[in-house]
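# Compute the structure for the input listed below.
(2 chains)
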2 protein chains.
Amino acid sequence: MTDLINLQGKLEYENLAKHIVNRLEWLGSFAKDPEGGITRLLYSKQWTDTQQALKSWMEAEGLEVKFDEVGNLSGIVKGVNQTETVLTGSHVDTVKNGGLFDGQFGIVAGILALIYLKDQYGTPKRNLEIVSLAEEEGSRFPYCFWGSKNIAGGAYKKDVENLADSNGVIFSDAISEAGFTFKDETKSPRQDLKVFVEIHVEQGNVLETEKKSVGIVKCIVGQRRFTIEVKGQANHAGTTPMGYRKDAVYAASQMIHETLNMAEQYGDPLVATVGRIDISPNIANVVPGKAAFTLDLRHIDKNTMFHFTERFIENINDISREHGVETVIKKWLDTDPVPMDPEITELIEKKCKEKNLSYKVMHSGAGHDAQIFAPSIPAAMLFVPSEKGISHNPGEYTAPADLAEGVKALISTLYELAYK
Amino acid sequence: MTDLINLQGKLEYENLAKHIVNRLEWLGSFAKDPEGGITRLLYSKQWTDTQQALKSWMEAEGLEVKFDEVGNLSGIVKGVNQTETVLTGSHVDTVKNGGLFDGQFGIVAGILALIYLKDQYGTPKRNLEIVSLAEEEGSRFPYCFWGSKNIAGGAYKKDVENLADSNGVIFSDAISEAGFTFKDETKSPRQDLKVFVEIHVEQGNVLETEKKSVGIVKCIVGQRRFTIEVKGQANHAGTTPMGYRKDAVYAASQMIHETLNMAEQYGDPLVATVGRIDISPNIANVVPGKAAFTLDLRHIDKNTMFHFTERFIENINDISREHGVETVIKKWLDTDPVPMDPEITELIEKKCKEKNLSYKVMHSGAGHDAQIFAPSIPAAMLFVPSEKGISHNPGEYTAPADLAEGVKALISTLYELAYK
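Here you go, the predicted structure:
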């Protein structure tokens, strides 16, 4: 294990950035991908090594450490009132060949915040807990939020036990190989949790563009994903006059252009993405008989999303009729927007102002563990910038000064929640 | 070898259809594909078997038969004047899993026409020759018109000898395995050829739609093919507001739609096809960083094609600028339109009128061997309908009555050219 001792001296408000960067690199060293990034898939050797390293670090810092059944790792500063817990943390898993920040920054930030608070203010009124969540990305098995759902509710053995990873390894074998087991589903959920605060990298370039160090998330967007299948008729590209064609690509190109244009007209925060297109037979000299494309739609307001959905479907059907093709629209993902707790969001904003931190109240266009906690307890989220918005890539980067600003906002927030 | 004797009795004008269908099926039996169609790739066993079967048939019918060096097979009815030859024929090769008509119908039609003419009118004034051309499709090796170019000029050993098929077999090995060799390129081309007339299936649905049995080709279209590469910036589909994107698909969809729409506005006979689209990374929740698409453009008039090319390029560049993406347009194919010989075309039309055949003067949207002969000798083409325009597919079909009408038009034309 990389030497735990190689710290940057005592943690001070002024040397936060150095400590954060040191710990991120140290944690990354347990899960290096040969392609240059970080790969830490659920229950893999890299995952186990990382969780064990985190455990050792937290123990060395005097936190009370425990794993739950499924491998979520907690470090706790016990409070005067031990029936109430203020929880912070993020996910320890990564995508394949991901970066140094997505997920693990929220864990490093939380541990450093607890160390700092314990050191400065001693025993809190309530328990302060940092959790390194087992899984969020869905990178190894086709299932997301395994870690947070096992704490907040919604994770069931039957949903995952038979899932296979890309090597054919079954979930139930992977969990027991890592030394963990499924949760006892007859047990009631934790009653001590009073609030969850997560800090994460933005994965977009809004903060960078607006030159802000901290994002305060008001809402995590709802998402809808569709596949639009257009069926025309494959024909010889030379011998079929334009008027005799049922060209699936001609129709699909109009559908795509007008849908994205409509999204642009709706304005922020609506985003619409056609990320995937599949053409058949996809040969230069054949009029395409089939074209399928995906549409990813996100917004913080369910009604707007509903309204946009109605309008784009109507328009696509009109285009389909004009072109004489058959079009089938399939919705395969539909999640509602999740607002963050307004009181805690306001508290964070107040703290940012007090501490003179440069911040922006914004929404999150990506899903996060906080949305899993939000239905049962007040949940809030902080962002730090992502350079060029690069995400899920070894090129992820956030300037150390911004990381420190984020941790400062987290420290102030946790102080208010646990000590006041 | 399937029994040659199984013919339909003496060839009469009235039983042409039966003879044609019988011979097409018989020829197809030498090259059945397990997937249900016909696969006869250059110099394959199926190709050799078919050419040998044709040789036997032509010999049995009293034609003088010879192969040239590269495997073009000719059957000749010697004329009084043996320094002049009227040539008909088409290509014997097929695409992978093609149909019963593309190529081999022109050979069957030519042989039956020669048998009929010899039987009815005896020795012609000039040589009458039917050629089963070795190759046209480019299905085995990436080279088209190998057969006709070896007769009309333009085929060179250096261009093909090292080409490999999909199994890694080299052209020069394939030709010698089939018992043939490269042409002596120091020898001057055949001087006896006075005219080439080809009959072929339309591969489109113009004749079917207009309920005509015979097409008289005035011109074979020119073709231009382009690849348009659009480079934007890949981004997270949720965290990148619409205004911050450089979405390659948004730009490409507008380019495709407006280009095809412009082609429609130009009107017949311009055809434009976007047959292939490749997106990167092609993932539903990532704003695409790259989009590439092909554009296949055909017209019988070079100037119109030139004008259209200028306009669509200007428009694509405008769209590119609006979307803030980078676009590169690469032209990778450019062939001029090839007009057929107007005198022979008129002669065919006159004959169709005399014989009361239902015909349409039209252009060919696909390339054919006749365009290889056209620069050196007068060349002409006849079409018969393709049901639903289906081409390069086991589903190719032309009604026997239409096949017979086509052969009648060919017989009349060859009579005028060889006996008058």
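# Report the beta-bridge partners for A:Val217.
A:Met362, A:Met381 (DSSP bridges).
# Helix or strand: which one has A:Cys313?
Quick fix: residue A:313 reads Ile, not Cys. helix A:302-323 (DSSP states H and E).
# quick one: secondary structure of the most centrally placed residue in chain A?
When CA atoms, centre = their mean is applied to chain A, the residue found nearest the centroid is A:His368 (3.7 Å). State at A:His368, reduced to three classes by DSSP: H, G, I helix; E, B strand; the rest coil: coil.
# what sits against it?
Contact analysis of A:His368 by CB atoms under 8 Å, 6 or more residues apart in numbering or on different chains lists A:90, A:136, A:198, A:200, A:220, A:381. C-beta coordinates here come from the backbone N, C-alpha and C atoms, glycine included.
# what does A:Val325 give?
Per CB under 8 Å, 6+ apart, neighbours of A:Val325: A:230-232, A:246-248, A:251.
# ranges for the helices of chain A?
For chain A, the helices defined by DSSP state H cover A:16-28, A:45-60, A:104-121, A:146-152, A:157-160, A:171-177, A:206-209, A:248-266, A:302-323, A:342-354, A:370-373, A:400-419.
# what's next to the fifth one, contact-wise?
When you say that, I think you mean helix A:157-160. A:141, A:143, A:146, A:171-172, A:182-183, A:185.
# now the residues you listed in TSV, with pLDDT?
Listed next are those as TSV, based on pLDDT from 0 to 100:
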residue	pLDDT
A:Phe141	92
A:Tyr143	90
A:Trp146	97
A:Phe171	98
A:Ser172	98
A:Phe182	97
A:Lys183	95
A:Glu185	89
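# Throw together a ChimeraX command that grabs the buried residues out of these.
Of these, the buried ones go into a single ChimeraX selection, burial set by 16 or more other CB atoms under 10 Å in any protein chain shown:
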select /A:141,146,171,182,183
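# Just list the residues touching the closest residue to A:Ser90 other than its chain neighbours, thanks.
In this structure, A:Ser90 finds its nearest non-sequential neighbour in A:Gly106, 2.4 Å apart by CB to CB, 6 or more residues apart in numbering or on different chains. For A:Gly106, the contacting residues are A:88-91, A:198-200, by CB under 8 Å, 6+ apart.
# one more time with 10 Å, if that's ok
A:88-92, A:130-133, A:136, A:197-201, A:368-370, A:381-382, A:384, A:406, A:410 (CB atoms under 10 Å, 6 or more residues apart in numbering or on different chains).
# quick one: contacts for the residue of the stretch 251-400 of chain A at minimum distance from chain B?
The minimum distance from the stretch 251-400 of chain A to chain B, using CB to the nearest CB, falls at A:Gly365 (3.2 Å). Taking CB under 10 Å, 6+ apart, we find A:Gly365 in contact with A:202-204, A:206, A:220-221, A:223, A:269, A:271, A:298-300, B:236-241.
# returning to that earlier point: and the helices of chain A: which comes nearest A:Lys360?
helix A:206-209 (6.3 Å; CB to CB).
# List the buried residues in that closest one.
Going by neighbour count (16+ other CB under 10 Å), the buried part of helix A:206-209 is A:206-208.
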